[in-house]
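Trainee: got a predicted structure plus its sequence, pasted below:
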Amino acid sequence: MSVEFRSKSHRIASNGISETSLTGRRFAAMMTGGAAALALVLATAIPARADKKDDLAKALIAALVVGVIAHELKDKDKPAPVPVPVPAPEPVKSKRVPSVCAISIDGAERSVTLYPESCLRAEGFDYRLPRGCANSATIYGERDRVYSAQCLRDAGFRVSGR
């Protein structure tokens, strides 16, 4: 019994997991490796006689290598940055109706702006809305109360627009 697959296979190009930019940690590692290689080359190239100049050069190179390694180890001890928490929206303190909730319905003779109660509450509008202005409506399949901009304006709320 054999199985035949008729779907076409696709090959996705991969850039690999290597980093493309030179970060501080990679730079420090490269400097450490370079200093160690330089120290090794200079130590083998210098003749085996005891001159004070050669000893000074070796001491300076050794100090440089130790300093770079210590600096790299110091960077690893830093804690990871703490993410900044996103503050929750605060309730609205003014009687201004959020304009984000406005639904404008343009008709042949006039235009009407309505504000759904669910949107007003979600935006933090916690004032008592006038029941005389409430009308039932279905918005995106959900039952909700809507308030006309003119009726809210007459009830003392600040409504942006006309």
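Mentor: Cool, the structure landed.
Trainee: where in this protein is pLDDT low?
Mentor: Per-residue confidence for the chain (pLDDT under 70) gives these ranges: 1-22, 41-54, 73-79, 89-94, 161-162.
Trainee: quick one: contacts for P116?
Mentor: Going by Cβ atoms under 8 Å, 6 or more residues apart in numbering, P116 touches C101, I103, A137, I139, D144, R145, V146. C-beta: built from backbone N, CA, C; applies to glycine.
Trainee: can you add neighbour count and give those back as TSV?
Mentor: Converted to TSV, these look like this (neighbours: other Cβ atoms under 10 Å):
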residue	neighbour count
C101	20
I103	14
A137	14
I139	13
D144	15
R145	17
V146	21
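Trainee: I'd like the next helix or strand past the helix or strand containing D144.
Mentor: Taking DSSP states H and E as the definition, D144 sits inside strand 142-148. Sequence-wise, the next helix or strand downstream of strand 142-148 (DSSP H and E) is helix 149-154.
Trainee: from the contact counts, what lies against the strand holding D144?
Mentor: Contact here means 3 or more Cβ pairs under 8 Å, 6 or more residues apart in numbering; DSSP states H and E; on that basis strand 142-148 packs against strand 111-116, helix 117-122, strand 134-139.
Trainee: got the domain boundaries for the chain?
Mentor: 24-76, 99-154 (automatic domain parsing).
Trainee: burial-wise, tell me which of those comes out on top.
Mentor: Stretch with highest mean neighbour count among those: domain 99-154 (a mean of 14; mean count of other Cβ atoms under 10 Å).
Trainee: what's the span of that domain, first residue to last?
Mentor: 17 Å (Cα to Cα, to the nearest Å).
Trainee: now the residue nearest to S111 when sequence neighbours are not counted: which helix or strand?
Mentor: Spatial nearest neighbour of S111, excluding adjacent residues (Cβ to Cβ, 6 or more residues apart in numbering): S104 at 6.3 Å. In this assignment (DSSP H and E), S104 forms part of strand 103-106.
Trainee: who touches that strand?
Mentor: S111, V112, T113, L114, Y115, P116, I139, V146.
Trainee: nearest to V97, of those residues?
Mentor: Among the contacts of strand 103-106, Y115 lies closest to V97 (Cβ to Cβ), at 5.9 Å.
Trainee: identify the residues contacting that closest one.
Mentor: V97, C101, A102, I103, V146, Y147, S148, A149, L152.
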